[in-house]
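Engineer: below are the sequence and a predicted model; questions follow.
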Amino acid sequence: MSIKTKIVYQLAKVISKKVERDANHAIKYQQQLLKSLLKTGKHTLFGKEHHFHTIKNYEEFKKAVPLADYEDLKPYIYRINAGQSNVLWKGMPKYYAKTSGTTSGAKFIPLTKQSIPNHFGTARNAIFHYIATTGNVDFMDGKMIFLSGSPTLEPHYDIPTGRLSGISNHLIPNWLKKSQMPSYAVNCIEDWETKLEQIVIETAKEDMRLISGIPPWVQMYYERLLEYTGKKTVLEVFPNFSMFVYGGVNFEPYRAKLETLVGGRIPSIETYPASEGFLAFQDQQEDNALLLNVNSGIFFEFVPVEEMSKEQPTRLALEQVEIGVNYAVILNTNAGLWGYKIGDTIKFVSINPYRIVVTGRVKHFISAFGEHVIAKEVETALLSVAAQHNIPIVEFTVAPQVNPPNQETPYHEWFVAFDQMPENLAIFEQAVDQQMQAQNIYYKDLIEGGVLQTLKIRPLQKDAFRKYMKSIGKLGGQNKVPRLADNRKIATVLEQYILKK
């Protein structure tokens, strides 16, 4: 054990004790956080408009602060952009995390001096807690790769702005930067394939021990690495590789392929970061559940998913939740998000301590590769192109094809019942894909990076969806075909209705 790892191990034990203390006193810290957030927030424009100075408890907070999405946040963001301080939080944001919107286009999520430790500190806590509880610290003596977005930041109304993963590169302490890869210059390369080639060249001969990233992007790195080195497994290239940190998408569809490429199962830590806050992380190797981040600047609320469409849904504080119920997550943060609907859904699998599993999004979605595609985007893309080509559509749905036959690159598979077939389906497909890329920045990145190939449309029999709905007992009434799903349950059934060429 080197001097560095000895120091890290001692620090890890201190941090691990705090992680456990926070988990064991979750309700106390959440209650303290609400008071602290209100104390600071009452001096802001938002706090004055919502009478924070009169709020004494959570029940009064719920009455004063409505649930909000980004559309509701926009007027305050505009004021910040105009140079007004103390709008949502004290002072001005230190950064904007730019993320893809749903109905709002690009979203600019504020990060403040007070909220930044939530993002970087929680990532550190996850790794250090693992070190303290397992004793495995040797990976800290080698190189570490963080497959992230470009750290290049652009000013948005004088506020440095970029992807959260890129911003995080600016928060890494100097002692860790010596181990970090790729180099800053390579990390700034925008074109993913060019960047990936340079990452492989830079890392192939290094003592790589920790690899972090979204599973599909990591899979591409592994494949290029093995092609470049001529080795059969990643462990042959990096024999000391012993830690994989991931998040952003469900890992299970990728597990078998990644472990085959690696040459075995590597200890891993799952994390739950978002632009709005770092919500949870895996704290036990024997359990995939995620420990809720209860003492890091976020006061959580939870709404039963089935009530999200109500004008006055039930809002619950942490001490009111139940195991096994599907909840929508609501955030109140020291970045100035108040009653903010992040759009994710979770279930508690434990309340002592509070551990969760992520169950999806409030609405139907596809995020098999981290693209966060929603129903409005696929409807707009298909129907706008259909209108241009004067092609009537009967019905459609979209599903990810994560593991295509013949080792093809994954893609989104669109099952469409046309009332009239396009004269040239390939041109039609291309137009729909371009519309999707224009609407969703993550989808565009995945296409340009070669993680996904462009979408494929499977034309179906005109009555295919009627047959499908009848087969599941939901023909007629108020039942609707989901526009998209993050699995292939519907797609597998619809395959029997594909028109023969």
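Structural biologist: The structure has been received and is ready for your questions.
Engineer: tally up the residues packed near residue 484, please.
Structural biologist: Neighbourhood size, residue 484 [other C-beta atoms under 10 Å]: 22. (C-beta placed from N, C-alpha, C; glycine too.)
Engineer: touching, it and residue 373? I think so.
Structural biologist: Yes: between residue 484 and residue 373 a contact is recorded at 6.7 Å, counting by C-beta atoms under 8 Å.
Engineer: any shared contact partners between those two?
Structural biologist: Residues touching both residue 484 and residue 373 (C-beta atoms under 8 Å, 6 or more residues apart in numbering): 365-366, 398.
Engineer: by neighbours, which of those wins?
Structural biologist: Each of these was scored by neighbours using other C-beta under 10 Å; the highest score is residue 398's, at 27 neighbours.
Engineer: got the end-to-end distance for stretch 64-71?
Structural biologist: For stretch 64-71, the first-to-last residue distance is 19 Å (C-alpha to C-alpha, to the nearest Å).
Engineer: which residues outside that stretch are in contact with it?
Structural biologist: Stretch 64-71 is contacted by residues 50-52, 54-55, 72, 101-104, 107, 303, 313, 315, 330, 332, 338-341, 343 when judged by C-beta under 8 Å, 6+ apart.
Engineer: just the ones of those residues in strands?
Structural biologist: 107, 303, 330, 332, 340-341, 343 (DSSP state E).
Engineer: for the residue lying closest to residue 278 once chain neighbours are set aside, grab the count of nearby residues.
Structural biologist: Nearest non-adjacent residue to residue 278, counting by C-beta to C-beta, 6 or more residues apart in numbering: residue 122, 3.9 Å away. By other C-beta under 10 Å, the residues close to residue 122 number 22.
Engineer: show me what contacts residue 45?
Structural biologist: By C-beta under 8 Å, 6+ apart, the residues touching residue 45 are 76, 79, 84, 86-88.
Engineer: quick one: buried ones out of the residues you listed?
Structural biologist: Those of these that meet the buried threshold are 76, 79, 86-88, by 16 or more other C-beta atoms under 10 Å.
Engineer: next up, phi/psi of the residue nearest the centre of the chain, please.
Structural biologist: Centroid-nearest residue in the chain, with C-alpha atoms, centre = their mean: residue 248, separated by 3.8 Å. Main-chain torsions, residue 248, degrees, to the nearest 10: phi 100, psi -40.
Engineer: and for residue 325?
Structural biologist: With angles defined as degrees, to the nearest 10, residue 325 sits at phi -90, psi 140.
Engineer: show me what contacts it?
Structural biologist: 304, 347-348.
Engineer: and which of these is nearest to residue 204?
Structural biologist: Residue 204 has its nearest neighbour among the contacts of residue 325 in residue 347, at 41.4 Å by C-beta to C-beta.
Engineer: show me which residues of whichever strand or helix holds the closest one are buried.
Structural biologist: Taking DSSP states H and E as the definition, residue 347 sits inside strand 340-351. Neighbour-count burial for strand 340-351 flags 340-348 (criterion: 16+ other C-beta under 10 Å).
Engineer: can I get those in a markdown table with distance to residue 68 and pLDDT?
Structural biologist: Formatted as a markdown table, those follow (distance: C-beta to C-beta, whole Å; pLDDT from 0 to 100):
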| residue | distance to residue 68 | pLDDT |
| --- | --- | --- |
| 340 | 6 | 98 |
| 341 | 7 | 95 |
| 342 | 11 | 93 |
| 343 | 12 | 86 |
| 344 | 15 | 86 |
| 345 | 17 | 84 |
| 346 | 19 | 89 |
| 347 | 23 | 91 |
| 348 | 24 | 97 |
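Engineer: let me have the residues you listed in a markdown table, extended by distance to residue 126.
Structural biologist: Shown next, in a markdown table, are the buried residues of strand 340-351 (distance: C-beta to C-beta, whole Å):
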| residue | distance to residue 126 |
| --- | --- |
| 340 | 23 |
| 341 | 25 |
| 342 | 19 |
| 343 | 23 |
| 344 | 18 |
| 345 | 22 |
| 346 | 17 |
| 347 | 20 |
| 348 | 19 |
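Engineer: where exactly do the strands run in the stretch 101-250 of the chain?
Structural biologist: In the stretch 101-250 of the chain, the segments counted as strands under DSSP state E, counting those that start in this stretch are 107-111, 143-146, 154-156, 159-162, 180-181, 208-212, 243-247.
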